[in-house]
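Participant: have a look; sequence and predicted model below, questions after that.
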Amino acid sequence: MPAMILEVVASQDLWIWHAFFGTFIVNGVEYKYGYCLVDGIYAEWVVFVKPFSREGTLDSKIIKLNKVQMAARKDIERVFGVLQKRWRILSMPCRLYEKYQIRNVMYACIILHNMILEEEGRIIVEYYGEKTASNNEYISNEERTQNQNLIKSKQISSNLRADLVQHVSILPRFDSMEDEDEDD
C-alpha cells in the first residue's frame with residue numbers, strides 16, 4: 001500500500017502533517033506515479049526507488065542519495081508500521097482498488113490516527129487544515145492496463161533514480177552526509 005503515497009510528513013510523536021497522492025516533479029521532469037523508498041529486494045518498477053548497490057565505486061552524489069533514502073525510509077516505516085497495526089485494511093493487497101479509493105482509505109486512516117493521538121493528548125502541536133476538494137476519477141480498463149505497464153517500466157524507473165540523484169545532490173541541508181561516509 002505505501003507505494004501509492006508520494007509524500008508523508010510526520011513528527012516524532014507520529015502526528016501525520018501531510019500526505020500527498022499524485023504527480024510530482026524531480027529535476028525538472030514530471031512523474032505520474034508516487035513512489036515508495038524500498039530496499040534492494042523489490043522489482044525495478046517506477047513506484048519503487050531502491051538504493052544503489054554498494055558493488056563497484058559510487059560517486060558522492062549516489063552515496064548521498066543512499067544515505068538520505070535510508071534515513072527517510074526508517075521514519076516512514078515507523079509511521080506505516082503504526083498505521084498498519086491500527087488498521088488491518090492497510091496490510092491488505094490493494095491492486096483491485098481504484099486510485100481514489102486507495103487515497104480515501106489512506107486519508108481516513110491518517111485522520112483517525114491523528115484524532116486518536118489528539119484524544120490521548122499525545123500531540124505536540126494542534127493543526128487546523130483547510131478543506132480540499134475531492135478528485136475522484138474513472139479510468140477505463142485500457143487506461144488501467146497502460147498504467148500497469150508504465151509502473152513496470154525499467155526505463156522510467158532508471159530515469160527517476162537518476163533524477164533523484166541530481167535532485168538530492170543540490171540539497172544543502174544534506175551536504176554533511178557525504179563526509180560521514182568517508183569515516184565508514
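Facilitator: In hand now; what should we look at?
Participant: only C-alpha atoms from now on, for both contacts and neighbour counts.
Facilitator: Noted.
Participant: buried stuff in whichever strand or helix holds residue 161?
Facilitator: Element membership for residue 161 (DSSP states H and E) is helix 154-169. For helix 154-169, a neighbour-count test (16 or more other CA atoms under 10 Å) marks 156-157, 160-161, 163-166, 168-169 as buried.
Participant: can you give me the strands in the chain?
Facilitator: With DSSP state E as the criterion, the chain has strands at 7-10, 16-20, 24-26, 29-31, 36-37, 48-49.
Participant: tell me which of the ones you listed sits most buried.
Facilitator: Of the strands of the chain, the one with the most neighbours on average (mean count of other CA atoms under 10 Å) is strand 48-49, at a mean of 24.
Participant: who does that strand pair with, and is each partner parallel or antiparallel?
Facilitator: Here strand 48-49 is paired, per DSSP bridges, with strand 36-37 (parallel).
Participant: in the protein, what spans have low per-residue confidence?
Facilitator: Scanning the chain with the threshold set as pLDDT under 70 gives 1-7, 22, 55-57, 95-96, 123-137, 173-184.
Participant: of the strands of the chain, which approaches residue 112 most closely?
Facilitator: The minimum distance between residue 112 and the strands of the chain falls on strand 16-20, with 10.5 Å, by CA to CA.
Participant: how far does the closest one sit from the chain's center?
Facilitator: 11 Å (CA atoms, centre = their mean, to the nearest Å).
Participant: against which helices or strands is that strand packed?
Facilitator: strand 7-10, helix 99-120 (3 or more CA pairs under 8 Å, 6 or more residues apart in numbering; DSSP states H and E).
Participant: please consider this matter closed, and thank you.
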